[in-house]
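Asks: Got a predicted structure plus its sequence, pasted below:
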Amino acid sequence: MTDPHSGPDDGAWAVSFRRLDPSVPVPTRAHAGDAGVDLTATEDVVIDPGARVLVGTGIAVALPVGTVGLIHPRSGLAARTGLSVVNTPGTIDAGYRGEIKVCLINHDRSTPIELRRGDRVAQLVVQRVELPRFVEVDTLDETTRGHGGYGSSGGHAALGDAPTVQRTSTPGDGPAASASEKE
Ligand SMILES: O=c1ccn([C@H]2C[C@H](O)[C@@H](COP(=O)(O)OP(=O)(O)OP(=O)(O)O)O2)c(=O)[nH]1
């Protein structure tokens with residue numbers, strides 16, 4: 001019977017990887033169909049509250065051009081301990097052949113996080129990515145959103161009812177208007 005969750009690309013292509021540290025586990029999905037493969041820490045480390053640390057995974061990959069690897073935090077560790085990735089999602093470029101490292105941060109305000117070698121600390125999601133040319137123009141097409149952003153559509157009690165000020169500025173005008181600035 002056909003798996004209702006299978007897609008047209010299931011099993012269609014592979015990502016070559018090397019274990020730079022021979023005893024780290026092979027990147028695997030916890031469940032078939034999971035978006036990410038888990039990455040493990042290659043060292044024991046204690047992350048103090050608010051501190052960050054760059055941790056090796058012992059894994060290097062050769063992603064096909066037209067794809068990107070994204071390093072995401074793991075939700076269970078985030079919710080239970082405050083562990084996250086500073087630059088989430090981290091970007092693994094197709095041409096990168098070095099060790100994948102994760103820049104971890106402890107968002108908890110009081111409790112250090114103790115990680116052991118082999119702990120699954122982050123996940124790698126591989127996605128297709130567009131590689132467009134960038135073309136400089138004099139004017140951009142008009143849209144209903146225009147310059148509106150940073151909460152301009154409302155819908156959040158903390159932002160209040162007043163629309164945010166959208167100050168138009170030209171290069172050299174100085175810092176842009178604060179996103180929280182109200183009329
Ligand atoms: O979480 C991450 C993010 C990046 N990298 C590696 C792969 C990536 O291809 C390379 C460069 O990342 P990025 O482009 O984000 O860093 P940069 O600060 O812009 O450095 P560079 O000037 O080398 O591009 O570093 C990691 O191992 N882990």
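Replies: That came through, no problem.
Asks: Tell me the residue of the chain that sits nearest the ligand?
Replies: Gly90 (2.2 Å; C-beta to the nearest ligand atom). The way it works is simple: take the backbone N, C-alpha and C, and place the C-beta from them, glycine included.
Asks: I figured Leu104 hits Arg52, correct?
Replies: Yes. Leu104 lies in contact with Arg52 (C-beta atoms under 8 Å); the separation is 6.4 Å.
Asks: So between those two, which is more surrounded?
Replies: Neighbour tally, Leu104 and Arg52, criterion other C-beta atoms under 10 Å: the higher count belongs to Leu104, 23 against 16.
Asks: What residues does the protein have near the ligand?
Replies: Residues of the chain lying near the ligand by C-beta under 6 Å from any ligand atom: Ile71, Asn87, Gly90, Thr91, Ile92, Asp93, Tyr96, Ile100, Lys101, Val102, Cys103.
Asks: now the nearest residue to the first one once chain neighbours are set aside: how far from Leu54?
Replies: If I follow you right, that is Ile71. Leaving out its chain neighbours, the residue that sits closest to Ile71 by C-beta to C-beta, 6 or more residues apart in numbering is Gly90, at 3.3 Å. For Gly90, the distance to Leu54 (C-beta to C-beta, to the nearest Å) stands at 11 Å.
Asks: swap in Gly33?
Replies: Applying C-beta to C-beta, the value for Gly33 to Leu54 is 31 Å.
Asks: same thing with Gly95?
Replies: As judged by C-beta to C-beta, Gly95 and Leu54 stand 20 Å apart.
Asks: Going by neighbour count, which residues in stretch 41-56 are buried?
Replies: By neighbour count on 16 or more other C-beta atoms under 10 Å, the buried set for stretch 41-56 is Ala41, Thr42, Val45, Ile47, Arg52, Val53, Val55, Gly56.
Asks: So what sits opposite the residue nearest to Pro89 when sequence neighbours are not counted in the bridge?
Replies: Distances taken as C-beta to C-beta, 6+ apart place Leu70 nearest to Pro89, at 3.8 Å, with adjacent residues excluded. Beta-bridge pairing of Leu70 under DSSP bridges involves Thr91, Val125.
Asks: Sounds good, over and out.
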